[in-house]
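Engineer: no FASTA, just this:
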């Protein structure tokens, strides 16, 4: 009796209930892939050529951008500058434990120069705006996931200006990315000037005199508009400033109705974006029972541009009396990650607990930002401008933790704080 051929040996065997992914409609495959974390997507590019082309296509990039969860971008700056690091950290929480996935962007493989040479200015739709201000003021727009960048010429190489801030934005109406920069003349710092550069034109245009500048929050782009708190003496300001990239206009927005001290000052003011609304954080210190305590009030502007729509959503009290508490991201409706000095802390509104995490394990200075990574190719937004690839495209990132890590929060900071959750 002839022996039956083993189907496993000739490559025709398939397990029961198995199916061929190639039989699925491309739209369904794209929908499934667009819901994966960024690290899984980077691995999926190497499954087959079809997935590689799909993930790098403009249609997938648009779909994924709408669903891309917020991650944390952390730049660590140790004393030895050449050891600077840039990590992308994806955090998930089920209320009792954290799952942390890390990716490390290698200098000269993900960004166009060494980390200690650049400042991270801001992000828009997953694209980074970088400035090499300590050298010649070079500007870059970069997608570190794809290892692509565009070099943007300075407004005037013969100018005698001191740059105030630089930021990237997007006009949904014209589908154009733009870079705005404000500067001071070195010999007359009372006369600031502003210029704007539309990617693909190669030309800077003057915007005239801008309002008072300030440090741009990394994640303050909303509704086609950039937002910041202007620099002011004694921590006092009368409005939020903004720049509309579609109209190319500066305009003020009202502050939340905070109760300032008798001096009319506050100790710290932060801006961000939460669930499609502008988020404002006001930090104040006060004396209570002979010791200093700090309070963070969090507000959101529910109806954009309407002062009466400012709504206080959370108050955290009995903090250490300094303004180093900076919200990074909300994990869900009750859990918040904040930067505090040289650590990332976790706050749970239900248990009213503030704890340290092991998300950042360093004694060095670091910056932490909310960041939505994307697969938007600069070739699709450059409009003919030269797009450069950063060295080896296959080494654009290094996986630090192959399957992530379980990170339990621990050690209260400080032990006596409390909070009020507001409707």
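Structural biologist: Good, I have the coordinates. Since the structure is predicted, the reported quantities are computational estimates derived from the model, not experimental observations.
Engineer: so residue 32 is in which element?
Structural biologist: helix 26-33 (DSSP states H and E).
Engineer: which helices and strands does that helix pack with?
Structural biologist: For helix 26-33, the contact count by 3 or more C-beta pairs under 8 Å, 6 or more residues apart in numbering; DSSP states H and E identifies helix 49-55, helix 58-67 as packing neighbours. Yep, even glycine has a C-beta here, placed from its N, CA and C like the rest.
Engineer: which residues are in contact with the shortest one?
Structural biologist: Helix 49-55 is touched from outside by 22, 26, 29, 30, 33, 41, 44, 45, 46, 60, 375, with contacts defined as C-beta atoms under 8 Å, 6 or more residues apart in numbering.
Engineer: To residue 293, which of the helices and strands packed on helix 26-33 lies closest?
Structural biologist: Proximity of the helices and strands packed on helix 26-33 to residue 293 was assessed by C-beta to C-beta; the nearest stretch is helix 58-67, lying at 40.5 Å.
Engineer: in the stretch 1-150 of the chain, which spans are strands?
Structural biologist: Along the stretch 1-150 of the chain, counting by DSSP state E, counting those that start in this stretch, strands occupy 71-77, 85-93, 98-105, 119-124, 127-132, 138-143, 148-152.
Engineer: Output the contacting helices and strands for the second one.
Structural biologist: If you count contacts as 3+ C-beta pairs under 8 Å, 6+ apart, strand 85-93 packs onto helix 38-44, strand 71-77, strand 98-105.
Engineer: mind putting those in a markdown table, mean neighbour count included?
Structural biologist: As requested, the helices and strands packed on strand 85-93 are arranged in a markdown table below (neighbours: other C-beta atoms under 10 Å):
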| stretch | mean neighbour count |
| --- | --- |
| helix 38-44 | 17 |
| strand 71-77 | 21 |
| strand 98-105 | 20 |
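Engineer: Pick out the shakiest of those, pLDDT-wise.
Structural biologist: Across the helices and strands packed on strand 85-93, the stretch with the lowest average pLDDT is strand 98-105; it has a mean of 82.
Engineer: other SSEs contacting it?
Structural biologist: Here strand 98-105 is seen to pack against helix 38-44, strand 85-93, strand 398-399, strand 405-407 when contacts are counted using 3+ C-beta pairs under 8 Å, 6+ apart.
Engineer: ok now do residue 302, which residues does it touch?
Structural biologist: Going by C-beta under 8 Å, 6+ apart, residue 302 touches 277, 309, 310, 311.
Engineer: What remains of these if I keep only buried residues?
Structural biologist: Under a neighbour-count criterion of 16 or more other C-beta atoms under 10 Å, the subset of the contacts of residue 302 counted as buried comprises 277, 309, 310.
Engineer: So the nearest residue to the second one once chain neighbours are set aside: helix, strand or coil?
Structural biologist: When the adjacent residues along the chain are set aside, residue 309 lies closest to residue 303, with 3.6 Å between them (C-beta to C-beta, 6 or more residues apart in numbering). The assignment at residue 303 comes out as coil when based on DSSP: H, G, I helix; E, B strand; the rest coil.
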